[in-house]
Structure formats: C-alpha cells, structure tokens
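Participant: Please work out how this folds:
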Amino acid sequence: MRIAIIGAGAIGCLVAAYLKEKGEEVTLVGRSGAVKVIRENGIVVSGVRGNFLAHIGISDTLNYVPDLAILATKTQDINSVLQDNSHLLQNSLLLTVQNGVRADNLVARYVPAEKVISSIVMFGATSLEPGKVVHNFEGSWVLGSFFNPNPSESLLSVSLVLDKAFPTIISKDIKGMKYLKIFVNANNCLPAIIGKSMQEVFSDLAISRISIAIWREAFRIIDYIGIDLVSLPGFPLENLTKLTAMPSELAAQVFSERMKNLSKEPLYGSILQSIMRGNLSEIDYINGEFVRLAEENNMPAPLNKILVEMVHQVEKNNRFFSKEDLIQKTRELI
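Facilitator: Model prediction:
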C-alpha cells in the first residue's frame, strides 16, 4: 500500500517513521521549511519506544496517486490541502486524524464520502522543530466512518496496515467518540494560554479547577443537546461524568494527579505546539466547538468562550498570559 502522509508535524512524522520502520512504502508532504530539514537529516524519533532515525521521502506537494492519504494537518488547513491535491486523491482512501468533529465533512466536499475514513489518535507526540518528534505516551488508533457505521473492506485493510505502528480499534460510533475526545483536548488551551508544559500547568490546583469547570460547562451543553458520548480506549466516559460530579476541590486534585504523570518528557498539547511553531492552533475546533454548539442552542458558554479568545490573543500577540491573569479572568466563571 503506497501511503502519503500530508502534514509533517508531530503526528505525521511519528506515524511516518513507525510505518517506514515496519517496511511500509511511505512518503511525507510538508511545508518547505520541514521539507528541507527532513530531506537532509531524516526524522529523529525519541520517547517511549527509544530513539531512532528514519529517512523518508518528502516533498512540498503531492506528486503521485497514493492508495492511502493520511491527512495529518490541522482542520483549518484541510480546504487548502484538498484544493491543491484533490485531483490526485479521487481514487485514494483518505484518513483524517484531526481533533474535533469537522474534518470528515470538510474532506467529503472534495472526494467521495465512501473514501473517507475517520480516526482518533490516542497516543501522544510532541514536535517543536522540524524533523524531531518525541513519542510521549502509547495509545491506540481508533478507526471508523462518519458516513457508514459498518466497517468497509477498505477500512479493514487500512486497519491491518496501521496496526503495524499502533494497535487499531474499529468503532461503529466514531462520532460519539470524537465528541468525547474534544473533552480530552479541551484543557489543552490552558498550557497554550500560559505557555508552559501540561505537567507544569496542571500541577497547580487552581488551574486544575478551571479544567473541571471547562468540562462542566461543556457537559451541560452536550447533555442538553442530546449528543451521545462514547467511551474511548484509555478514557472511559465515566472519567468525565465522575469528575464533573465531584466537589471542585477533590475533582481538581484527581485531575491534577492524572495529568502530572502523563509523560516523562514535557507534554505541550497540540494547541501550544502549533503556537510555538508559529502556526494558528485548532482552538476553534475544540473549545470553539462547545461555544458554537451553545450559540446554536441559545445556551451560555462564557468560560470556553473567554478561553478561545485568550488563545487567539496569544496567537496574535505572540505573548503568553501569566497564571495570575488566567485565574483573574476566569475567576467568576469557575
């Protein structure tokens, strides 16, 4: 299977390196700065499986028809990627890895919906400079379809290939899982606002209380609308329901202990990684998704709304807030 991975960030590079190591035919498509570095030096992988160097073909445009294209860009970049490359992808399978719930419908504007495979990555990776990626923690790779609950033969064949790199799980309700994954990602805005690692940020109980409040506000919206959340591997739904039902102080302590031990290496989350690389983040598709759902249903979402605004201020001004600023601006909403 000829595999093109479009997007040379943390997930794109990590998946490319592991699939290449397992003997798969893989190429990368990335931005010009990453192309130059990876072409000259390869991809240096470190982390939970040890260190190794992978040499992978890379270009700044797709120049062949792959059997499988893995779209490892942010959601906001999907339109431009497919405008440039959809003529080569009409007969390919396209696998989305984006956080949030918007990617699959965006992709289906350009290629047949039956060719689109949705996925959720439960492993963690960090990349702060081109060609270097840290595999922070292990996890599975969930596959499914937004458009057909029953797995197709194509989806099963892709699952067998990707399973060489990460254990794959096939879901008949990946949309419900995707909504729960937004909760998993929703606290990534806090390290992005302060500019510190998740371990540093969530060691602070005052900030962990903000995390619990993010979940409570979002859970009220999701519950009111009637969206069914589905447990993820490694993150059962009861993690959310139990923590949001606890007294705030106790919930913050439990949350803090979990987050402090996610990885031995500093973990920054996808939002902060984008900002540190000088790119726009996916905040509008994470906390912004809760705000959008609230507005569509005439509900308030003041905490998630102000956090989205603060992340955009960081992106615009290239200056992080202090912990005290964050606490002061959210104090009345906790």
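
Participant: so where do the strands sit in the chain?
Facilitator: Under the criterion DSSP state E, the chain carries strands at the ranges 2-6, 25-29, 43-47, 52-54, 57-59, 68-71, 93-96, 116-121, 124-129, 132-137, 141-144, 168-170.

Participant: Please compute how far the fourth one lies from its chain's middle.
Facilitator: Right, strand 52-54. Computed by Cα atoms, centre = their mean, to the nearest Å, the separation of strand 52-54 from the middle of its chain amounts to 23 Å.

Participant: What are the contacting residues of that strand?
Facilitator: With contact meaning Cβ atoms under 8 Å, 6 or more residues apart in numbering, strand 52-54 is reached by 16-17, 20-21, 42-45. In short, each C-beta sits where N, CA and C put it, glycine included.

Participant: try it again with 10 Å
Facilitator: Here strand 52-54 makes contact (Cβ atoms under 10 Å, 6 or more residues apart in numbering) with 13-14, 16-21, 26, 38, 41-46, 131, 133.

Participant: Now that strand: buried residues?
Facilitator: Neighbour-count burial for strand 52-54, counted by 16 or more other Cβ atoms under 10 Å, picks out residue 54.

Participant: related to what we said a few turns ago, deepest in the core, which of the strands of the chain is it.
Facilitator: Stretch with highest mean neighbour count among these: strand 68-71 (a mean of 26; mean count of other Cβ atoms under 10 Å).

Participant: so what's the nearest residue to residue 93 once chain neighbours are set aside bridging to?
Facilitator: Using Cβ to Cβ, 6 or more residues apart in numbering and skipping residues adjacent in sequence, the residue nearest residue 93 is residue 68, 4.8 Å away. Beta-bridge partners for residue 68, by DSSP bridges, are residue 3, residue 93.

Participant: quick revisit: of the strands of the chain, which approaches residue 309 most closely?
Facilitator: Proximity to residue 309 (Cβ to Cβ) singles out strand 124-129 among those, at 24.9 Å.

Participant: Pairing partners for the closest one, with directions?
Facilitator: strand 132-137 (antiparallel).

Participant: Kindly format the C-alpha coordinates of the strand it pairs with as CSV.
Facilitator: This file holds the C-alpha atoms of strand 132-137, laid out as CSV (Å, rounded to 0.1, in the frame of the first residue of the first chain):
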residue,chain,number,x,y,z
LYS,A,132,12.3,15.9,15.6
VAL,A,133,9.5,14.2,17.4
VAL,A,134,9.0,12.9,20.9
HIS,A,135,6.6,10.0,21.3
ASN,A,136,5.3,10.9,24.7
PHE,A,137,2.9,8.0,25.5
